[in-house]
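**Q** What shape does this take:
(one chain, ligands or ions: 1)
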Amino acid sequence: MRAQRVVDAAYRMRHHALNMGEAQGQGYVGQALGAADMLATVYVDQLNYRADDPHWEGRDRFLLSTGHYAIGLYAALAEAGIIDVEELESYGSDDSRLPMSGMASYTPGMEISGGSLGHGLTVAVGMALGLRHQGSPARVINFLSDGELDEGSTWEAAMGAAHHRLGNLIAMVDINALQADGPTAGVLRTEPVVDKWAACGWDAARIDGNDVEQLLDAFDRIGDSGGDRPSVILCDTRIGRGVPLLENREKAHFMRIDADEWQICRDQLTEGFRGVSA
Ligand SMILES: [Mg+2]
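**A** Got it, this is the predicted structure:
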């Protein structure tokens, strides 16, 4: 079944993220867990790519604007067969192709070096324009965070995408309600986000980003209004999703997890997954 394939992949990706995090003892594990359903939907169900040829010209482009989510993307790239699962063990270590913040020159399948937040969508607009100019049917999917909605460059890109009628551009926003400086609502109020994207000329849908059925449905609806408008899927997620110990952690942006807690995390994830798939 379509949704079950994604759910199963997201489960494996969460385990990968915990294993990578354990190797370093810390990291952006909460984001990887929270965004696993979004990333699994993209890589298992949506993206057109060739695992053995990451630079294939006809590929859809997935741009991770949030470089610190790299741990989550590495899990997805392993699930997609673009990198080996065994290579995940090298995460964050010297000479690894998997640095803690995503860098395009290091990692196969990593399209841009993210991390200077607020730039991903601008690059995505340029890529979408270029692909259309070349007559390519490939799509550009840009993953960004709710913290990046504080950035003026994001909204310049949003207006530009609508102006150029980029129906081949999709944005996914991980609304986990948190950013480095604290709760998003307290740093800079970005609501109502659906209205803002719609006012910029985008087809905007807001869903539960930890619900695979809703994610698949949102992708299925893209193009319903004629195909010459960019689309954004606004995804409410829970940081640490799937591991109650981490879902309720106060300092959740950059998590430090004690050595004896990692196995508890894995056990909680496994237990919760049994409940989901039963
Ligand atoms: Mg956030």
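**Q** Quick one: name the residues of the stretch 51-200 of the chain near the ion.
**A** Ser145, Asp146, Gly147, Asn176, Leu178, Gln179 (CB under 5 Å from the ion). Using the backbone N, CA and C atoms, a C-beta is placed for each residue, glycine as well.
**Q** Tell me the secondary structure at the third one.
**A** Gly147 carries the three-state label helix when classified by DSSP: H, G, I helix; E, B strand; the rest coil.
**Q** And the strands in the stretch 1-150 of the chain?
**A** Taking DSSP state E, counting those that start in this stretch, the strands of the stretch 1-150 of the chain run over residues 26-27, 61-64, 140-145.
**Q** worst average pLDDT in these?
**A** Lowest mean pLDDT of these: strand 26-27, a mean of 84.
**Q** Which strands or helices does that one pack on?
**A** strand 255-256 (3 or more CB pairs under 8 Å, 6 or more residues apart in numbering; DSSP states H and E).
**Q** What are the boundaries of the helices in the chain?
**A** Assigned by DSSP state H, the helices in the chain fall at 2-24, 29-34, 36-40, 70-79, 120-133, 152-163, 184-187, 193-199, 212-221, 244-247, 262-277.
**Q** mind checking how far Thr237 is from Asp224?
**A** 24 Å (CB to CB, to the nearest Å).
**Q** more crowded one of those two?
**A** Thr237 (25 against 11; other CB atoms under 10 Å).
**Q** where does the nearest residue to Glu57 once chain neighbours are set aside sit relative to Ser65, distance-wise?
**A** Nearest residue to Glu57, sequence neighbours excluded (CB to CB, 6 or more residues apart in numbering): Ser136, at 7.5 Å. Ser136 sits 21 Å away from Ser65, going by CB to CB.
**Q** how many other residues sit next to the spatially closest residue to Ala204 that is not a sequence neighbour?
**A** In space, and not counting its chain neighbours, Ala204 is closest to Trp197: 4.0 Å by CB to CB, 6+ apart. As a burial measure, Trp197 scores 25 neighbours (other CB under 10 Å).
**Q** Just confirm Trp197 contacts Ala161, I think it does.
**A** No - with contact defined as CB atoms under 8 Å, Trp197 does not count as touching Ala161 (10.2 Å).
**Q** Tell me, please, where in the stretch 151-278 of the chain the pLDDT is lower than the cut-off.
**A** 275, 277-278 (pLDDT under 70).
**Q** can you do 90?
**A** For the stretch 151-278 of the chain, the stretches flagged by pLDDT under 90 are 178-182, 185, 223-227, 248-256, 273-278.
**Q** Would you format the strands of the stretch 1-150 of the chain as a markdown table with mean neighbour count included?
**A** Shown next, in a markdown table, are the strands of the stretch 1-150 of the chain (neighbours: other CB atoms under 10 Å):
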| stretch | mean neighbour count |
| --- | --- |
| strand 26-27 | 18 |
| strand 61-64 | 24 |
| strand 140-145 | 27 |
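**Q** And the spatially closest residue to Ala70 that is not a sequence neighbour, how close does it get to Glu79?
**A** Closest residue in space to Ala70, ignoring its immediate chain neighbours: Gly102 at 3.6 Å, by CB to CB, 6+ apart. Distance of Gly102 to Glu79, given as CB to CB: 16 Å.
**Q** Thanks again, I'm all set now.
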